[in-house]
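# got a predicted model here, sequence first, then my questions.
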Amino acid sequence: MFQEIISNLKLLGYAFMIFTCAYGANMAFSLWYNIKRLRQPFDESKLRDSIIKLGVFVIGLMLLCIAITTLPVFADTIGWPILEEYANLFTNIIMVTVFLTVTCKYIKEAFEKFKLIVSAGELPNSSTEAKND
């Protein structure tokens, strides 16, 4: 069981890297869009909250996946055996579903913000700023 948990944690590491990239892209595009396009002041608390949210997601999803990995062993211990093939399938489906759902959400949001940034054309006052340079 310990080896299986370690194996799943390695897979989680890859999933976390992908998730962190998607979340980071969404944060970066949001910062730029909110500051440059919407002319909102930089809010340090929003950035801090986003970083805390990322940490909470990582810890929560890691604990969830450990729980899912150990569930078949516990069920077997209390007399409700789950075939290993089903246990592996269940674990893989849950891990992929959890990460794909969340990661795809942030990829979609990042892409939408990217499209807004690219399609918006010139920034307001950019021609005035160019003349002053």
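All right, it came through fine. The structure displayed is predicted, hence computed values, not measured ones. Numbers count the residues shown, from 1 in each chain.
# helices of this structure, residue ranges please.
Counting by DSSP state H, the chain has helices at residues 2-32, 44-77, 84-119, 126-132.
# the longest one vs helix 2-32, what angle?
In other words, helix 84-119. 10 degrees (axes from the mean of the first three to the mean of the last three Cα atoms, to 10 degrees).
# lowest-confidence stretch among the helices of the chain?
The weakest mean pLDDT among the helices of the chain belongs to helix 126-132, with a mean of 42.
# need the contact list for the residue lying closest to residue 64 once chain neighbours are set aside.
The shortest distance from residue 64 to any non-neighbouring residue, by Cβ to Cβ, 6 or more residues apart in numbering, is to residue 98 (6.6 Å). For glycine as for every other residue, the C-beta is placed from the backbone atoms N, C-alpha and C. Listed by Cβ atoms under 8 Å, 6 or more residues apart in numbering, the contact set of residue 98 reads 61, 64-65.
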